[in-house]
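>>> Need the 3D shape of this:
(2 chains)
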Amino acid sequence: MRPPVGVKVGAFALAVMGTYTYYANSIPQIQSKPPAELSLEGGNVTPAQLVKAGEEIFKTKGTCEICHRIGQKGTRAPDLAGVGGRAGKVKAGLSGKQYIIESLLQPGAYLVEGYPNIMPQADKPPIALNRSEVWALTAFLESLGGAVDVTLDDIPKTAGAPAGGGAVAELKLPGDPKAGEVIFTGKGACIACHKAGKIGASPVGPDLSQIAKIQTPDYVMRKILDPAGAGTVAGFPKGVMPPMFGQTLTAKEFVDLVAFLMTLK
Amino acid sequence: MRECHAVRRGAWAALAVVALLMMLPTLPALAQDAAREPAYRAFPLIGSRLAVWAVAQLHLNFAAFILGVPIFAVIIEIIGWRTGDARYDWLSHEFVKLTFAAFSTTALLGAFLLFLFVGYYPKFWTYMTSIFFPTYWIYALLFFAETFTVYVWYYGWDWLSGPRKGIHVALGVLSNLFGTAILLVANSWVTFMISPAGIDESGALKGSVWAAINNFTWMPINIHRLIANIVFGGTIAAAYAAFRFLGAKTDEERARYDWMGYIGNFVALSAFIVLPFAGYYLGREIYAFNQTMGITMMGGFMSWLWIIQAILIGVLFIGSNYYLWLGMERIPGSERYRRYVPMMIGILALGFMVWATPRSMVITLDEARAMGGTHHPVLGFLGVMSAKNTAVNMMILTTFVSFVLYRRANRISIKPWVGIGMVVQWAALGLAAAVVVFYGVYGYFVESLVRIGFSVYQVLAVLASIVIVMAIDIPMFRGARSTGTIRWGTIAPRSQYVLILLAVTFTWLMGLMGFARSGIRQHWHVYGVMRDNSVDAVTPAIGYAANMITTVTIVFFALVMFMFWLGGLSEKGKAGESGHASTPVFAGGSDADPTESGRGRSRAGGSEASSAGESRGGRSPLLP
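Numbers count the residues shown, from 1 in each chain, chains lettered A, B, ... in the order given. Below is the predicted model of the structure:
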């Protein structure tokens, strides 16, 4: 007995789609993960740690490697080998670190001859490096043939505006900061590792005294609920912060705690 | 009974549209409520992203079908009207009938997609509404206009025949204009997410909504989708014909669906040939909007996606050509062209291999050391754009030659200038091939910015040669001596599986390109403006995407089969009065005199029209 046409056609179509699906699953599988936020403020960061953090940003969130090479001439962007040494001589009146910072924040201000004006601003979306990340990236670029002397104060305070999706997407925290402070010092036991202004003095974790100035509520929430997933501040050991606050704190306690942290400026 | 079906179908579609329209005034209020709620909610079991992905892909598939098919249906109707060949009128009606069954499903899926956005991505939808709210009304009104026009077009087929045929054709044109306008409005939302414009740094609209609509990728995607919809509609219609051919009980039925399949494939192939050029335009605008996005798309985590795309397009090219070669077997006189087939196979196979060659590969350190780098020392050179552009242009030229040979298979020109005409035609093709190869090789010796510009010369050379060859071919074979009638219905059954292969492959390709279009935004809902902070912010790897695309494509075809089956129910037991007219007779399908083909209208209204038209005894310049 011959199978009906519908069965034959259906089997044929499934075989075709199965072949495409098999092939797609057998080639390299690469995901694109959202970059983690990096905070370097409040911690005792050494130049070596800063450079290491900057190199990480260069290769990941900064997406610099898409166009720039180190030790190899690129067709879209200049070779960055030795940029730390020559940066101070490129533009009269600008030191090496000033030139690098200007190149990151205003790429069109000075163009290397032979290259088009295609570089996006590093602190603006979609790259959207925050101030700490611009600092670290500058340090890394300085380290390529030069001395690392950039400080956080060299980075303009306006650098690194968070992306919000327009005014409608702004988040207004409903929590009670005073109740949050009680959680910080009591049930949450955050004070055991973190300093928060006049409260606490522990050096185990980063100083949170100015956390609201450098981080978004979104990051703070994520960091509390998923400490490992949100990344570890450079200079501090990984895996120390407990991951169970999502289970131990009630929703109100969590919101209060975040509201308190966002008052620390 | 037929009226009852019509009313029922109409009621469903109208219900969907009314539901959609009634939701619109409530959207701002819903959106404001949403702004006070969580940014995201989780869809049960599969999660919000998969739910939106599945419904959006299904909606786009159906929308592409109902927007693409009427474009060529009305052209075929015009051909039938002007040449007086009733076969085309029957075919046009068949095509519209197919889309008609899918109309209400498309509207329902669109409404479902809207519910998903409002419910599961409330903040995202609030933001989109803050930019595009005025366009919602335009969209709804266009949808009404489109629905009513298509209804009158379809149900007025007999009523507006004969001397009123011009009005009927105008309705078909009008429905296409409304349909295209709907496409343009919906594309403005999608393209804004990729390349936002007209907003300030906070993401708020600066001035007129037009600036947001007319963003970098809007027009390229409009063009690309319009062409792709025609290809898609053609392949689905051809697959339907193939299915009916394979299940046909009589020679007459087999002949009819053989012809329908051929026309569907012809339409798809004609549009498909220019699709890569629209793709270049889109790619160029993406780079113009944001270099990082362009580079991420072509050389970043998505680089392997283009290898799969190359394979799929290679299958489409080779499949289309193979179908044409099989079709030539049923044309007396085509034997003289068989000797060109091996050469064409060679070019297509070579082009396929070059196009599917990756430039750099994700490999282990040991593999890289063994190979001497991230790309193969020899084959890696074939993975760059110079080689790929050359390959695809040569494949387009070869496909065009296949079509030209098919077109003249049973015809011998009797024009006195046929010799010169042939020489000019071959010279045009040869020159185009030379230009394509020259710039392909020269591209290796210049900077990338210069090299990108070379693709324009290659495209122009190919398009120019196509125009020149056709401009000569049409008059050269007008009134040509026939070497025999096409024996419709005698084509090898495997050719029908080729048509199904093309439909499945193109549908899968549409899903893949949908993933590419969304994926290049990475972790952004609106690129650079509104970040995706949901649990689904990771852009999945190609294997995961392929699993999803396949699942949705299976569901799509299952729904399409079901609707076609439903559509076929109304015909059962009503032979001779189904549709608007009795089916025409085809040469090769029966003992009827071929000259009588196309004169089979039975209904009073139709016979008036056909007799008026047939007296002109015309013939389509392109279609057989």
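>>> What score does residue 114 have for pLDDT?
Let's take chain A. If you check residue A:114, the pLDDT there is 78.
>>> oops, I was thinking of chain B
pLDDT, residue B:114: 94.
>>> quick one: it and residue B:121, what's the gap?
11 Å (C-beta to C-beta, to the nearest Å). All C-beta spots, glycine's among them, are computed from the backbone N, C-alpha and C.
>>> So between those two, which is more surrounded?
residue B:121 (22 against 19; other C-beta atoms under 10 Å in any protein chain shown).
>>> That one and chain A: what is the separation?
Per C-beta to the nearest C-beta, to the nearest Å, residue B:121 is found 11 Å from chain A.
>>> can you pull the contacts of that residue?
Taking C-beta atoms under 8 Å, 6 or more residues apart in numbering or on different chains, we find residue B:121 in contact with B:39-40, B:48, B:52, B:525, B:534.
>>> Switch those over to CSV; also include secondary structure.
Formatted as CSV, those follow (DSSP: H, G, I helix; E, B strand; the rest coil):
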residue, secondary structure
B:39, coil
B:40, coil
B:48, helix
B:52, helix
B:525, strand
B:534, coil
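>>> If we only consider those residues, which is nearest to residue B:63?
Using C-beta to C-beta, residue B:52 is the member of those that lies nearest residue B:63, at 15.4 Å.
>>> And the strands in chain B, which stretches?
Assigned by DSSP state E, chain B shows strands spanning B:411-412, B:481-482, B:524-526, B:530-531.
>>> Tabulate those strands in a markdown table, adding columns for distance to chain A and mean pLDDT.
Shown next, in a markdown table, are these (distance: least, C-beta to the nearest C-beta, whole Å; pLDDT from 0 to 100):
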| stretch | distance to chain A | mean pLDDT |
| --- | --- | --- |
| strand B:411-412 | 34 | 92 |
| strand B:481-482 | 33 | 91 |
| strand B:524-526 | 6 | 94 |
| strand B:530-531 | 3 | 90 |
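>>> Those: which one's closest to residue B:451?
Among these, strand B:524-526 sits nearest to residue B:451 (C-beta to C-beta), with 29.5 Å.
>>> what's the closest one packed up against?
helix B:122-155, helix B:165-194, strand B:530-531 (3 or more C-beta pairs under 8 Å, 6 or more residues apart in numbering or on different chains; DSSP states H and E).
>>> Please work out which of those is packed deepest.
strand B:530-531 (a mean of 24; mean count of other C-beta atoms under 10 Å in any protein chain shown).
>>> what's the distance between that one and the middle of its chain?
From the chain centre to the centre of strand B:530-531 is a distance of 32 Å (C-alpha atoms, centre = their mean, to the nearest Å).
>>> May I have the strands that pair with it, each with its orientation?
Within its sheet, strand B:530-531 is paired with strand B:524-526 (antiparallel), according to DSSP bridges.
>>> If you count neighbours, what's buried in the partner strand?
B:524-526 (16 or more other C-beta atoms under 10 Å in any protein chain shown).
>>> helices and strands of the chain: which one bottoms out on pLDDT?
As the question left the chain open, I've gone with chain A. The helix or strand of chain A with the lowest confidence, counting by mean pLDDT, DSSP states H and E, is helix A:211-214 at a mean of 68.
>>> Residue B:92 touches residue B:73, doesn't it?
Yes. With contacts counted by C-beta atoms under 8 Å, residue B:92 reaches residue B:73, the gap being 4.8 Å.
>>> Mutual contacts of these two, please.
If you check residue B:92 and residue B:73 against C-beta under 8 Å, 6+ apart, no residue is contacted by both.
>>> can you give me the helices for the stretch 1-150 of chain A?
A:5-26, A:47-59, A:83-90, A:96-105, A:131-143 (DSSP state H, counting those that start in this stretch).
>>> Tell me, how many residues neighbour residue A:91?
14.
>>> Pop the domain breakdown of chain A in here.
Taking automatic domain parsing as the reference, chain A has its domains at A:47-163, A:177-261.
>>> Let me have those domains in a markdown table, extended by distance to residue B:131.
Shown next, in a markdown table, are the domains of chain A (distance: least, C-beta to C-beta, whole Å):
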| stretch | distance to residue B:131 |
| --- | --- |
| domain A:47-163 | 15 |
| domain A:177-261 | 22 |
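>>> closest one to chain B among those?
Set against chain B and scored by C-beta to the nearest C-beta, the domains of chain A come closest in domain A:47-163, at 3.7 Å.
>>> roughly how far out does the closest one sit from the chain middle?
Put simply, domain A:47-163 sits 15 Å off its chain's centre (C-alpha atoms, centre = their mean).
>>> ok so, going back, please identify which of the contacts of residue B:121 is nearest to residue B:284.
Closest to residue B:284, out of all of the contacts of residue B:121 and judged by C-beta to C-beta, is residue B:525, at 24.6 Å.
>>> The closest one touches residue B:531, doesn't it?
Yes. With contact defined as C-beta under 8 Å, residue B:525 and residue B:531 form a contacting pair (7.1 Å).
>>> just for the stretch 151-265 of chain A, where's the confidence low?
Counting by pLDDT under 70, the ranges of the stretch 151-265 of chain A that qualify are A:161-173, A:213-215, A:234-235.
>>> Which stretches in it count as helices?
Along the stretch 151-265 of chain A, counting by DSSP H, counting those that start in this stretch, helices occupy A:177-185, A:211-214, A:217-225, A:245-248, A:251-261.
>>> The last one: which residues count as buried?
Going by neighbour count (16+ other C-beta under 10 Å), the buried part of helix A:251-261 is A:253-261.
>>> and which of the residues you listed is nearest residue B:152?
Nearest to residue B:152 among these, with distances taken as C-beta to C-beta, is residue A:255, at 57.1 Å.
>>> What's the end-to-end length of stretch A:206-219?
In stretch A:206-219, first residue to last residue: 15 Å (C-alpha to C-alpha, to the nearest Å).
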